[in-house]
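Participant: the following block contains a protein sequence and its predicted model.
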Amino acid sequence: MTSSPFTIPLWCHGNRLSANNICQCLEMPDGGLTVGCSGLRLTQVPLGLSNLTVRLFLDKNLLRSLPTDSFSDLFMLDELDLSHNQLSSLEAGCFRGLVSSLRFLDLSSNRLSALDPAALGGLRAHANLTHNPWHCDCRMQLSMPRLDLDPSSLTEVICQTSDLPNLGAVGMPLVLLVEDWDLCLSVRRTTDVVMLVTMFLWFSMVISYLVYYVRQNQQDARRHMEYLMSLQTRQA
């Protein structure tokens with residue numbers, strides 16, 4: 001293997017980054033490239049990455065989110081390291097184009113709290129999801145069956161916060177938590193309560209209308225009877 005520095009055009013908010021921010025490129029025997037952009041304080045995925053890139057290291061940067069089609073040109077990408085960034089959101093389609101090639105995805109040590117199937121886009125990679133502030137709730141429970149990640153990846157989704165904090169959920173893997181508890185139960189209970197309150201209010205309105213209708217008819221009937229009696233009195 002031969003190693004040589006490989007400069008990639010890097011842009012941040014429309015300004016050219018310093019020439020000191022250089023991604024190192026390692027050419028592999030099969031012609032693929034290993035590109036290392038670690039620790040460059042990047043705030044976005046660099047433009048101009050070669051479509052021959054097989055391994056891409058973007059760890060230890062300042063990435064906060066991944067826009068749609070962030071890696072769509074890297075159809076040979078096998079390994080992607082995004083660990084030790086500040087990722088808190090993954091936009092839908094951010095991994096588009098990687099479904100057939102990506103086998104390893106490192107998202108550890110970020111700020112992710114939810115797994116969105118639309119963001120993962122059907123990835124079947126083995127993912128490192130450790131050291132993220134995952135929030136285990138009904139949405140996460142419903143998302144799990146739609147995730148195509150390697151099943152062993154999901155054992156690393158540890159609940160840092162949960163909708164069941166008083167039941168020992170914090171610190172548990174999500175896959176174990178959903179086996180013992182229904183995280184959507186509180187949502188369903190809330191929905192049931194709302195439905196009951198709505199039905200009660202509806203019935204109250206119906207009953208109030210019936211009472212008003214009966215009383216109004218009684219008053220009309222009384223006035224009619226009084227009128228008839230007054231007619232009889234006049235005739236007498």
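Facilitator: Yes, it's here. Quick caveat, the model's predicted, so the values are computed rather than measured.
Participant: hmm, residue 137 is touching residue 169, no?
Facilitator: No - in this structure, residue 137 is not within contact of residue 169 by Cβ atoms under 8 Å, at 10.0 Å. (C-beta placed from N, C-alpha, C; glycine too.)
Participant: can you map out the helices along the chain?
Facilitator: Using DSSP state H, the helices of the chain run over 117-120, 138-143, 151-154, 174-180, 185-235.
Participant: residue 113 is in contact with residue 139, correct?
Facilitator: No - using Cβ under 8 Å, residue 139 is not in contact with residue 113; the gap is 10.4 Å.
Participant: list the buried residues for stretch 102-117?
Facilitator: Of the residues in stretch 102-117, those buried under the neighbour-count criterion (16 or more other Cβ atoms under 10 Å) are 102, 105-110, 112-117.
Participant: dump these to CSV, plus distance to residue 29 and pLDDT.
Facilitator: What follows is these, written out as CSV (distance: Cβ to Cβ, whole Å; pLDDT from 0 to 100):
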residue, distance to residue 29, pLDDT
102, 21, 96
105, 24, 96
106, 24, 97
107, 29, 96
108, 29, 95
109, 32, 96
110, 33, 97
112, 35, 96
113, 41, 94
114, 40, 91
115, 36, 88
116, 37, 88
117, 37, 91
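Participant: poorly predicted segments of this structure, please.
Facilitator: Under the criterion pLDDT under 70, the flagged ranges of the chain are 1-21, 165-167, 186-204, 206-236.
Participant: give me the domain ranges for it.
Facilitator: By the assignment in automatic domain parsing, the chain contains the domains 2-132, 188-236.
Participant: quick one, phi psi at residue 63?
Facilitator: For residue 63, the backbone dihedrals (degrees, to the nearest 10) come out as phi -70, psi 130.
Participant: ok, now which ones touch it?
Facilitator: 42, 43, 44, 45, 82, 85, 86, 87 (Cβ atoms under 8 Å, 6 or more residues apart in numbering).
Participant: one more time with 6 Å, if that's ok
Facilitator: With contacts taken as Cβ atoms under 6 Å, 6 or more residues apart in numbering, residue 63 has the following neighbours: 85, 87.
Participant: neighbours of residue 131, how many?
Facilitator: Residues near residue 131, counting by other Cβ atoms under 10 Å, number 17.
Participant: again, but for residue 123
Facilitator: With other Cβ under 10 Å as criterion, residue 123 counts 23.
Participant: same thing with residue 174?
Facilitator: Per other Cβ under 10 Å, the neighbour tally for residue 174 reads 26.
Participant: contacts only, for it.
Facilitator: The contact partners of residue 174, by Cβ under 6 Å, 6+ apart, come to 136, 157, 159.
Participant: cool, and residue 179?
Facilitator: Contacts here follow Cβ under 6 Å, 6+ apart; on that basis residue 179 touches nothing.
Participant: and it, how far from residue 155?
Facilitator: According to Cβ to Cβ, to the nearest Å, residue 179 and residue 155 sit 12 Å apart.
Participant: for residue 64, same thing?
Facilitator: Distance from residue 64 to residue 155, by Cβ to Cβ: 27 Å.
Participant: same question for residue 87.
Facilitator: With the distance defined as Cβ to Cβ, residue 87 ends up 21 Å from residue 155.
Participant: residue 182 now?
Facilitator: When Cβ to Cβ is the yardstick, residue 182 and residue 155 sit 20 Å from each other.
Participant: so residue 37 makes contact with residue 59?
Facilitator: No - contact status for residue 37 versus residue 59: not in contact, 8.6 Å apart, counting by Cβ atoms under 6 Å.
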